[in-house]
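Colleague: give me a 3D structure for the following:
(2 chains)
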2 protein chains.
Amino acid sequence: MTALTIATPSSNNLAPSRLRELLEPSSIVIVGANTTNTWSSFTHSNLGAAGFEGTVYLVNRRGEECHGQASYTSIADLPETPDLAVVLTGTNSLPEIQQQCIAKGIRNLIVLASGLGEAGAEGQALQQLLVDRARSADQLILGPNNLGFINAHAKVAAFGHMTQLPLVTGSVGIASQSGALAIYLLPYMASRGVGVSYAVTVGNEAMVSAIDVMNLLIDDPNTKVIAAYLEQITNTQQFLDVARRAREAGKPIVIFKAGASEASAMAAAAHTGSLAGDDNVIDAICKQFGVIRVSNIEELVATAGILESYGALPGPRFGVVTGSGAMCALIADKAQDAGLELPAPLESTVQRLREEGLPEFAAVNNPMDTTGYISVDPSILTKAGDAFIDDESFDFVVLNTSWPTNQFMVDLGKPTEPGLHRQLKEAGKPVVAMSFLPTEVNEFARNFAAEHGLPHASDSFERGIEAAGHSVWWGQRCAQLEDELELKTPAIIQKPDAAEHFSEIETGDFLRSHGVPYVPGKVTSTVAHAVQTAETIGYPVVLKIASEDIAHKTEVGGVRLALKDATEVAQAYEFIMDSVARLAPEACIQGVAVSPMRPAGNELLVGIITDPQWGKVLAVGFGGVMVEILKDSALRLLPVSPVEIRRMLESLKGIELLTGFRGSQATDLDDLAQRIFEITEVALGLGDQLEELEINPLRVAGNQIEALDALVRWKEQS
Amino acid sequence: MTALTIATPSSNNLAPSRLRELLEPSSIVIVGANTTNTWSSFTHSNLGAAGFEGTVYLVNRRGEECHGQASYTSIADLPETPDLAVVLTGTNSLPEIQQQCIAKGIRNLIVLASGLGEAGAEGQALQQLLVDRARSADQLILGPNNLGFINAHAKVAAFGHMTQLPLVTGSVGIASQSGALAIYLLPYMASRGVGVSYAVTVGNEAMVSAIDVMNLLIDDPNTKVIAAYLEQITNTQQFLDVARRAREAGKPIVIFKAGASEASAMAAAAHTGSLAGDDNVIDAICKQFGVIRVSNIEELVATAGILESYGALPGPRFGVVTGSGAMCALIADKAQDAGLELPAPLESTVQRLREEGLPEFAAVNNPMDTTGYISVDPSILTKAGDAFIDDESFDFVVLNTSWPTNQFMVDLGKPTEPGLHRQLKEAGKPVVAMSFLPTEVNEFARNFAAEHGLPHASDSFERGIEAAGHSVWWGQRCAQLEDELELKTPAIIQKPDAAEHFSEIETGDFLRSHGVPYVPGKVTSTVAHAVQTAETIGYPVVLKIASEDIAHKTEVGGVRLALKDATEVAQAYEFIMDSVARLAPEACIQGVAVSPMRPAGNELLVGIITDPQWGKVLAVGFGGVMVEILKDSALRLLPVSPVEIRRMLESLKGIELLTGFRGSQATDLDDLAQRIFEITEVALGLGDQLEELEINPLRVAGNQIEALDALVRWKEQS
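Modeller: Model prediction:
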């Protein structure tokens, strides 16, 4: 056990160079080639249509001609050892086929068959057999239960289903846990004018995972942007490594992950647990480590398109020039959600456009609507664009245009084309083209853009603004992460001997002894003792049941607040004992804790849970209704810096409560973040001994910060 | 003044028959025809390309040949009186051109020029002149500052910009306040396989508004679905009438409205005011009156497409059959947001598929992934579809398919095509086709669908599920509205004489006298009087400043809670007086109100404000942080029934608080709704005298309901 270790499956990372060998074959054999098998027809025709320049062999056990090409009856008969075998035969024949491949010295296999790891114990055993044999023979298997891959720059389309051909070659690399998704994704990307470097489907991930593919893409010189479709992340440590390496290489990762319907595997004994849930944790981890997470495939492609041409846009402030008033209104509606800003143009920009002939009735706003006057002087579009480009208020500029899809459109655009192209290519800041509504980027448009060296044009402002927001966020987040200081490893803390039975008072003592501010309190076991303790502490006081068997004290009548004299304390003591005896008859009771009653303040929940996949996760939120009903909380994987904890606080919807809502005293957020950081250090110091630590509430009133209650759960000894 | 009147501009509705005359011309003159004018080129070529069968005349003041056709030098010279003049000349020439049209007897004009109502006082005066003259001559003007219209079934494309031709004729009627939007919308609709009946752009709405167009579309036999792009709604009463008429005609209205960036014109003196805001009110009114509001144009088109083929889908429970595991996961993620449900299939469905040969390892779930086994037996797709169609768990079924875009796709689909087409056309419940990712519906696909009589296929499941959700919602909402009982007109209430200076105590007396449960309280003006009152009421008590000048008492230290004896009351009295004197020195003070302190309970805000456009609007939300920071509230235009108020309560995020959160006593929501209804009756009874009535908080503890504080603002006398 060491502190700071994140609990993940043991990493068995695949070297990118080994994977590259599989993805760059010079010769390929299709095993199980058959005219009536669609996998076979598609693999064969895709290789041809992609312009594969190596040799393709076919193996058909009856030696029949397939797809107009002669075949061999066995792998052994092949005149050379192919670099890659695409195995299309049925599940039961796989061990035999694999043996033949090994005998022939074939180092790389794609296995399309299903009924293996995804299909019960028998299938899993068969898959394990294949993997074990492959490991012994230094063989690598992509799949099974996938559709193969496309390496666009090397012209290899070892892909078993219909797809977009000829490929639109570009710099977006794709890793997909779904084969079907790739079928639809590639033509969709082409129709959005977004080109592909690799598209690799991984199926059951027996030996090659989506994260392995992402790892390869980081090193691939043809790839600028990494896009992934994920349903699960099995190797979390490798995911974090890949996120860091990608950031260091300046390559954004955009992931689209199915998730809301996955049942969380996490026990939800305390509130923190039910807050987190697998998918929320992954969401938080993406934000934390600079991975862009999108919520649908259209957004994935639009974001990849912007990133491919522009990388990180330099800031959130943008100017818009368009001929449509509706587009102005709609972009204004959309900008804020995307985290972008639409500052007003400088007075000098207004002045300049007036001097260039813009009449008084045309307002220079942002977004700027050039409509009306444009029919008098079409040059105003270019003039407005230039003025906005020169305006220091804007980090980037959006122009409403798209690439012509036919010659008629080219002719129509002739008067404004030279100015527009100059702006897109030579301006001192990024200038982004966005269409009004989704517009198909056909072959004509792609060729036009290539011929004129034009960047990506977003297929609609709706997608484009969203994508630009992601690009800006990514740049900002990478800069924040570069500024993060290395955190010291917290001191190791030994779990107290008494920890098996840890009452609330012991929890308080323990936390206090490690520097966490915790309200004083004492456990009493008779009415008289409770009254005497209250007299010592001073009224008003709070009485709470002390029992490690009761997580939610209020629900069993175990809490009485604001007791102002001995009589009330005595009554409360008896009320609690009666109520708990009735509602939690099984609970082992240590007594009743007496604490001072604090005046009202803001109540935070600060929880650290152990996610079975990711390790220790910090949750921060406002207590009570805010966190339990409204799910207003922020999550981060530990360790995390005080600066980042402050960002967590600032992301809460209720943050106004801390910054001086309705004249209440504001809290110093840096100080609060530091206190929470110290709590995380205790949790990290406890390492694997700790399952969960939840402080709820942490009372925050102005600059008074004090835990009023806490719960510690220790990891069960196995 | 009458109660129940909703404050709107005077309605000057245009008869649909009069507007139809403008939109169905047999002869058209283009005034200002000119080869170098793009409006002119486009209008002329669009009329030709749309197949307009009537006569087109051109007027060019030099009598030049334009667009390959001879022209007349003046309107007077035309050999007949055309039904419609499309006026393309500049702003300044308009009065003269209009005179010539009137002289010739032309009853219908489209004016494209801008620089009128939208451009300052001078332009507004010119527009008013044109309108006044038109009214005198029984002439109707569409525009100005628009792009004209398309009447697809009558083959009239009097539209001054590039658009989709040939038109894809269908049954979606469009009213748009933006001309530019129509340029992009029509080709986009065609690419989604959604056909158009009318597309009318209204520009400045000088005489024809978007609502007038919607009104016409209700009566149009070619229109099944009404789609509108709106930036503002000027005639609110007419909007409500159109919503009702459309519902009665069984035609859904789908609106896309720009809005978040419009500054609210509403005074925000009380919380309710700041809650509402123009756009939130419009959102609420759409929900209330069964109008589907979408948040982008893609959603508008997808929703119109589903509605065109299916009308209201019969319920939220749907089954999905697809060959992609990824699509299963993604649909499951999406369904809940769309208000849809994915129940498990019946055991008999599972049994049936087993008997039909589905192997044990293929799970019958919903969504159902047929993958893997499909390569052994492709007929399983049809079998699964049939089994799902017959399963009573599902109100409708979604199949993953799209219409083939080329002959290759047709050939590929041949084995499954007959079964699929039978399911789509002959099943006993709606069967909806959805593609995986956005797929262009090209001419080939449109023809294929038409030839085989296939319904609309959603261009992606993402849009499709969202659209299906809107369709289900619309059906459910129409049924709810049909069940609404006619509300009695509440009794008229006279504003009390003292109302100019209405203290909190007077507010309480007034509300109590009209049946609103209100906490007892008495205004005191000395310490001794306050103490004596507290002794009579019984401790604990609350002291609050009584002043009609102070809306937010807490902010000036005007409230002290939980005072438990004479000493505390005396101290609190002095504290309040000191604090208010310091923080609100200008306020006129009536004294300090003494009330009993109620134990903690849920606190609701119940407010009625007067929206300047729409009239009296009810806002309901949880008090304090929930409503002020989290904006968790529900709005409805009054009058509204108790049943609908219950729905408002149920829509609140915090509703759990009332239904027995953490063992607290549940509130009878019908009873609470009835109490709130009675409050709205008071507000409606006061009619135009009332500007705002806000009860904050209305304490709700189990079935105890009582107003603890309230604010009444009377309308200022003008």
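Colleague: gap between A:Leu604 and A:Leu708?
Modeller: To A:Leu708, A:Leu604 is 10 Å away according to Cβ to Cβ, to the nearest Å. Yep, even glycine has a C-beta here, placed from its N, CA and C like the rest.
Colleague: could you list the alpha-carbon positions for stretch A:606-616 in PDB?
Modeller: Included here for stretch A:606-616 are C-alpha records, laid out as PDB according to Å, rounded to 0.1, in the frame of the first residue of the first chain:
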ATOM      1  CA  VAL A 606     -16.900  17.400   1.100                       C
ATOM      2  CA  GLY A 607     -16.600  13.800   0.300                       C
ATOM      3  CA  ILE A 608     -13.800  11.500  -0.800                       C
ATOM      4  CA  ILE A 609     -14.900   8.200  -2.200                       C
ATOM      5  CA  THR A 610     -13.000   5.300  -3.700                       C
ATOM      6  CA  ASP A 611     -14.100   4.600  -7.200                       C
ATOM      7  CA  PRO A 612     -13.400   1.000  -8.000                       C
ATOM      8  CA  GLN A 613     -12.000   1.900 -11.400                       C
ATOM      9  CA  TRP A 614     -10.400   5.300 -10.900                       C
ATOM     10  CA  GLY A 615      -9.400   5.400  -7.200                       C
ATOM     11  CA  LYS A 616     -10.000   8.300  -4.800                       C
END
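Colleague: who touches both of A:Leu604 and A:Leu708?
Modeller: Applying Cβ atoms under 8 Å, 6 or more residues apart in numbering or on different chains, one finds that A:Leu604 and A:Leu708 are jointly contacted by A:Pro697, A:Leu698, A:Arg699.
Colleague: what's the PyMOL syntax to select whichever of those residues are buried?
Modeller: In PyMOL, this line selects whichever of the shared contacts of A:Leu604 and A:Leu708 come out buried by 16 or more other Cβ atoms under 10 Å in any protein chain shown:
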select buried, chain A and resi 697+698+699
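Colleague: out of the shared contacts of A:Leu604 and A:Leu708, which sit inside strands?
Modeller: With strands defined by DSSP state E, the entries of those inside them are A:Pro697, A:Leu698, A:Arg699.
Colleague: pLDDT score for the last one?
Modeller: It refers to A:Arg699. Confidence per residue is given as pLDDT, and for A:Arg699 that number is 94.
Colleague: right, and it touches A:Pro596 too?
Modeller: No: in this structure A:Arg699 lies outside contact range of A:Pro596 using Cβ atoms under 8 Å: 11.3 Å.
Colleague: now do the shared contacts for these two.
Modeller: A:Val519.
Colleague: so which of A:Leu604 and A:Leu708 has more stuff around it?
Modeller: When neighbours are counted by other Cβ atoms under 10 Å in any protein chain shown, A:Leu604 and A:Leu708 differ, and A:Leu604 comes out ahead with 29 against 22.
Colleague: would it be right to say that that one lies in a strand?
Modeller: Yes: counting by DSSP: H, G, I helix; E, B strand; the rest coil, A:Leu604 falls inside a strand.
Colleague: save the shared contacts of A:Leu604 and A:Leu708 as CSV, and put in distance to chain B too.
Modeller: Rendered in CSV, the data for the shared contacts of A:Leu604 and A:Leu708 read as follows (distance: Cβ to the nearest Cβ, whole Å):
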residue, distance to chain B
A:Pro697, 15
A:Leu698, 17
A:Arg699, 16
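Colleague: quick one: the shared contacts of A:Leu604 and A:Leu708 as CSV, columns for distance to A:Glu122 too.
Modeller: Listed next are these as CSV, based on distance: Cβ to Cβ, whole Å:
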residue, distance to A:Glu122
A:Pro697, 52
A:Leu698, 52
A:Arg699, 57
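Colleague: strands of the stretch 201-350 of chain A, residue ranges please.
Modeller: Under the criterion DSSP state E, counting those that start in this stretch, strands of the stretch 201-350 of chain A are mapped to A:225-230, A:253-257, A:292-294, A:318-322.
Colleague: what's the closest of those to chain B?
Modeller: Between chain B and these, the shortest separation by Cβ to the nearest Cβ is 6.8 Å, and it involves strand A:225-230.
Colleague: who does that closest one pair up with?
Modeller: When pairs are called by DSSP bridges, strand A:225-230 turns out to pair with strand A:169-176 (parallel), strand A:253-257 (parallel).
Colleague: tell me the buried residues in that strand?
Modeller: Of the residues in strand A:225-230, A:Val225, A:Ile226, A:Ala227, A:Ala228, A:Tyr229, A:Leu230 count as buried by neighbour count, 16+ other Cβ under 10 Å.
Colleague: same thing with stretch A:390-407?
Modeller: Buried residues in stretch A:390-407 (16+ other Cβ under 10 Å): A:390-391, A:393-405.
Colleague: that stretch and chain B, are they touching?
Modeller: No: figure legend: stretch A:390-407 not in contact with chain B (Cβ under 8 Å from any Cβ of the partner chain); closest approach 9.1 Å.
Colleague: tell me how far that stretch lies from the chain's centre.
Modeller: 29 Å (Cα atoms, centre = their mean, to the nearest Å).
Colleague: please convert the strands paired with strand A:225-230 to a markdown table, extending it with distance to B:Gln665.
Modeller: Formatted as a markdown table, the entries for the strands paired with strand A:225-230 read as follows, by distance: least, Cβ to Cβ, whole Å:
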| stretch | distance to B:Gln665 |
| --- | --- |
| strand A:169-176 | 52 |
| strand A:253-257 | 42 |
